[in-house]
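>>> Below is the sequence, then the predicted model.
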Amino acid sequence: MMGMKQRSFAPLVNVSLEELVPHDHFYRHLERTLDLSFVRKFVQETYASKGRPSIDPVVFFKLQLVMFFEGIRSERLLMQHAADRLSIRWYLGYDLDEPLPDHSSLTRIRGRYGVEIFRRFFEAVVEQCQQAGLVWGKELYVDATKVNANASMESVKPRFAVEAHLATLFAAQTEEPGEETEQGPSQDEPASGEPSQPQQMPSPLELPTAISPEQRSELGQQNEERHDWIERQGQPDREVTRGSYQRVADFRISTTDPDATIMPTKGDGRHLGYHTHYVVDGGKARIIMAVLVTPSEVMENQPILDLLWRTRFRWKLWPRQVTGDTTYGTVDNIVALEEERIRAYVPLPDFDQRTPFYGERDFLYNAERDEYLCPNGAVLRFKTHVHAKRVKRYRGDAATCNTCPLKPRCTTSMHGRMLTRSFDESFLDRVHAYHKTEDYQKAMRKRQVWVEPLFAEGKDWHGMRRFRLRRLWRVNCEALMRAAGQNLKRLLKKRGWGRRPWPEAAANALVESPPPERIRLNIPLLAEKALACEGKLPLKNFLKWLLVWSIPLVFAPSLAPTGSAPLVKPSLSFLVLLGFPALVCGSLDAPFETRLLIGDSGERSCSENLFH
């Protein structure tokens with residue numbers, strides 16, 4: 001008889017989310033591992049002392065983590081997903097009959113907090129990673145990747161037209177003064193798209209220092225004049241120009257995302273995008289120590305010093321080397337690192353290959369006389385300083401160069417060959433000397449597999465190919481949450497999450513003293529041939545080699561007593577032929593101390609002794 005399911009739903013009685021969510025669920029482990037109560041201290045200053053209670057900040061950041069782990073790109077979709085998932089309701093602390101927060105509240109809360117709160121949350125996760133021993137601190141690796149903005153090239157318009165339109169649009173609002181209110185900060189996001197400013201907090205107590213008030217004021221003035229990339233949230237200083245170069249972003253702007261700039265990509269035309277900068281620790285866990293998002297017009301090497309100094313002083317690290325690609329091999333970066341006794345492991349750009357003429361390395365420099373010798377033996381003497389570029393110029397005699405037989409391969413100038421030498425050439429020579437060392441070669445090989453996989457992880461699994469938010473401060477919030485989630489994955493693995501898949505889990509299971517009725521290892525007395533095997537090998541390492549040849553035998557111990565020995569014997573013999581006698585006759589460090597033996601011809605072999 002065919003059955004028919006009737007749709008009828010009765011109210012639940014005596015049912016709790018605590019019973020419905022499995023005890024080994026991921027969000028249960030996340031709740032036990034990461035206590036997010038610290039965020040309440042971070043955001044306390046952004047709320048008024050009176051008024052309607054807001055959404056718990058812990059719930060907000062839990063929702064951000066759910067968005068990261070579930071790969072969700074919309075707050076609206078996130079709340080729909082949370083309404084259908086019992087495990088997420090349990091993780092948030094909302095019962096079945098409790099209404100979840102509205103998706104629009106998440107946008108208002110993000111505008112209330114701003115980038116600084118997200119940065120403090122990211123650093124709190126890094127601090128827990130450091131306490132767990134995941135941060136090494138001896139090596140730092142830097143890199144950046146291109147991320148598309150949530151805007152189309154069709155939205156790019158001339159900047160003067162957009163600014164004129166906005167000035168006309170908001171002219172009436174700027175003429176009328178706003179009404180003053182005595183209420184606390186509004187939960188609505190400002191119309192300008194900028195994060196709301198937190199309440200003014202009292203300045204911290206200044207620690208006693210050995211500098212005079214005049215030096216203190218001078219340092220303060222220098223800090224105000226210096227462009228701090230982290231403090232300005234990756235915004236470039238457009239007042240600084242180099243020569244006659246003009247930025248494209250100074251003339252064209254996107255009406256959808258004004259902070260995104262035109263970004264050329266390999267084989268895919270041009271897009272609007274940003275640069276995401278990472279500073280990664282050189283330890284095995286690859287913890288992300290610093291994150292910053294800048295418009296794509298900003299070169300990768302410009303904000304890197306601010307990120308490195310913040311990483312060094314925030315986490316009290318003293319790295320012995322910093323590794324990056326050729327983009328970071330600028331004179332300013334190299335000098336700043338070498339003066340702090342940090343080795344700059346960066347390739348230097350080879351400008352000699354860009355011209356068919358003799359390069360600078362083809363000339364011999366005489367430090368005592370401060371002059372160069374050309375390949376033909378002529379002298380290039382010092383002429384002048386160029387302080388704007390921090391270089392010295394050397395020029396050869398015009399008459400000598402014009403009559404030189406090597407002139408077609410040296411220069412086309414009628415005034416003689418000219419060379420430039422940096423004021424900081426000694427630091428560049430030091431970096432050139434690093435290139436011949438094994439430590440530098442090792443760092444370069446390590447760099448290729450250290451930071452790029454983190455970018456690939458973010459782009460393949462966590463929506464890093466394209467930002468879902470717009471404006472620079474918002475994409476910085478998004479990048480900080482993504483990097484915090486990537487670090488959190490390493491922290492969860494350190495604290496016990498991550499059941500390893502077969503076969504390694506099965507191999508480790510054998511180490512836990514299996515019952516004697518399942519696997520019988522009755523080994524006779526030591527044979528003379530076993531005395532030659534002095535090295536010891538853990539059981540799981542032995543099984544890694546044995547698994548390839550006898551997987552059905554090792555993980556089906558019930559087959560061992562009956563007809564299993566012939567399966568193992570060829571495998572072990574094959575290992576001996578490959579040059580692994582220690583695998584066969586070495587001792588196994590297991591709860592039951594045994595030693596495998598290779599028997600003589602006609603006697604029982606080690607494969608038979610293993611299961612008999």
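That came in fine, so what should we check first?

>>> switch to C-alpha atoms for all contacts and neighbour counts from now on
OK.

>>> What's the separation between the nearest residue to residue 305 once chain neighbours are set aside and residue 452?
In this structure, residue 305 finds its nearest non-sequential neighbour in residue 333, 6.9 Å apart by Cα to Cα, 6 or more residues apart in numbering. Counting by Cα to Cα, to the nearest Å, the gap from residue 333 to residue 452 is 21 Å.

>>> Likewise for residue 493?
Applying Cα to Cα, the value for residue 493 to residue 452 is 21 Å.

>>> quick one, which of those two is more surrounded?
Neighbours per residue (other Cα atoms under 10 Å) separate residue 493 from residue 452, with residue 452 holding more: 16 against 12.

>>> wait, what's in contact with the more buried one?
If a contact means Cα atoms under 8 Å, 6 or more residues apart in numbering, then residue 452 has residue 143 as its contacts.

>>> Phi, psi for it please.
phi -60, psi -40 (degrees, to the nearest 10).

>>> Can you give me the pLDDT of it?
Residue 452 carries a pLDDT value of 93.

>>> roughly how far apart are it and residue 248?
In terms of Cα to Cα, residue 452 sits 28 Å off from residue 248.

>>> what's near enough to touch residue 128?
residue 491.

>>> helix/strand/coil for it?
At residue 128, secondary structure determined by DSSP: H, G, I helix; E, B strand; the rest coil is helix.

>>> State the distance from it to residue 286.
Distance, residue 128 to residue 286, using Cα to Cα: 14 Å.

>>> all helices for the stretch 101-250 of the chain, in order.
Along the stretch 101-250 of the chain, the stretches classed as helices by DSSP state H, counting those that start in this stretch are 103-131, 159-169, 171-175, 213-225.

>>> residues of the second one that come out buried?
The reference is to helix 159-169. 159, 162 (16 or more other Cα atoms under 10 Å).

>>> Check the offset of that helix from the chain's centre.
How far helix 159-169 lies from its chain's middle: 38 Å, per Cα atoms, centre = their mean, to the nearest Å.

>>> Also the first one?
Taking the mean C-alpha point of helix 103-131 and that of its whole chain, the gap between them comes to 17 Å (Cα atoms, centre = their mean).

>>> Next, find the distance separating the most centrally placed residue in the chain from residue 126.
Nearest residue to the geometric centre of the chain (Cα atoms, centre = their mean): residue 288, 4.2 Å. Taking Cα to Cα as the measure, residue 288 falls 8 Å from residue 126.

>>> any residues in contact with both of those two?
Counting by Cα under 8 Å, 6+ apart, the residues touching both residue 288 and residue 126 are residue 487.

>>> For whichever strand or helix holds residue 460, buried residues please.
Using DSSP states H and E, residue 460 falls within helix 452-461. Residues of helix 452-461 classed as buried by neighbour count (16+ other Cα under 10 Å): 452, 454, 455, 458.

>>> Can you name the element that comes right after that helix?
Per DSSP H and E, the first helix or strand lying C-terminal to helix 452-461 is helix 472-494.

>>> Which residues does that following helix contact?
30, 33, 64-65, 68-69, 114-115, 118-119, 121-122, 125-126, 128-129, 132, 134, 194-195, 233-235, 259-260, 276, 285, 287-288, 291-295, 458, 462, 467-469, 498.

>>> Among the residues you listed, name the buried ones.
30, 64-65, 68, 114-115, 118-119, 121-122, 125-126, 128-129, 134, 195, 233-235, 259-260, 276, 285, 287-288, 291-295, 458, 462, 467-469.

>>> what residues are up against the residue nearest to residue 348 when sequence neighbours are not counted?
Nearest non-adjacent residue to residue 348, counting by Cα to Cα, 6+ apart: residue 329, 5.3 Å away. Residue 329 sits next to 346, 347, 348, 349 when contact means Cα under 8 Å, 6+ apart.

>>> now the helices of the stretch 101-250 of the chain as TSV including distance to residue 317 and mean pLDDT?
TSV is the format used below for the helices of the stretch 101-250 of the chain (distance: least, Cα to Cα, whole Å; pLDDT from 0 to 100):
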stretch	distance to residue 317	mean pLDDT
helix 103-131	11	95
helix 159-169	43	82
helix 171-175	48	63
helix 213-225	22	83
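
>>> Out of the ones you listed, which is closest to residue 22?
helix 103-131 (26.2 Å; Cα to Cα).

>>> Pairing partners for the biggest strand by length in the chain, with directions?
Using DSSP state E to define each element, the chain has its longest strand at strand 270-281. Within its sheet, and counting by DSSP bridges, strand 270-281 is paired with strand 139-148 (antiparallel), strand 261-264 (antiparallel), strand 288-295 (antiparallel).

>>> Determine which stretch of these is the most buried.
Mean neighbours per residue, mean count of other Cα atoms under 10 Å, is largest over the strands paired with strand 270-281 for strand 288-295, with a mean of 26.

>>> distance between stretch 21-38 and the chain's centre?
Chain-centre distance of stretch 21-38: 24 Å, with Cα atoms, centre = their mean.

>>> Residue 464 contacts residue 275, correct?
No - the pair residue 464 and residue 275 fails to qualify as a contact (Cα atoms under 8 Å) at a distance of 11.2 Å.

>>> hey, where'd the strands end up in the stretch 201-350 of the chain?
In the stretch 201-350 of the chain, the segments counted as strands under DSSP state E, counting those that start in this stretch are 252-254, 261-264, 270-281, 288-295, 321-323, 343-345.

>>> The ones you listed: which one's closest to residue 9?
strand 288-295 (48.7 Å).

>>> and the closest one with helix 103-131, angle?
Per axes from the mean of the first three to the mean of the last three Cα atoms, to 10 degrees, the angle that strand 288-295 makes with helix 103-131 is 140 degrees.

>>> Quick one: mean pLDDT over strand 288-295.
Average pLDDT, strand 288-295: 97.

>>> ok, now stretch 245-263?
The average of the pLDDT scores along stretch 245-263 is 89.

>>> rewinding a little: a markdown table please, covering the helices of the stretch 101-250 of the chain and showing distance to residue 433.
Listed next are the helices of the stretch 101-250 of the chain as a markdown table, based on distance: least, Cα to Cα, whole Å:
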| stretch | distance to residue 433 |
| --- | --- |
| helix 103-131 | 33 |
| helix 159-169 | 47 |
| helix 171-175 | 60 |
| helix 213-225 | 34 |
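
>>> just so I know, which of the ones you listed lies nearest residue 89?
Among those, the nearest to residue 89 by Cα to Cα is helix 103-131 (15.0 Å).

>>> what angle separates that closest one from helix 472-494?
For helix 103-131 against helix 472-494, the angle by the same axes, to 10 degrees is 50 degrees.

>>> and residue 365, what are its bridge partners?
When bridges are called by DSSP bridges, residue 365 pairs up with residue 372.

>>> Quick one: neighbours of residue 214, just the number.
Other residues within reach of residue 214, judged by other Cα under 10 Å, total 9.
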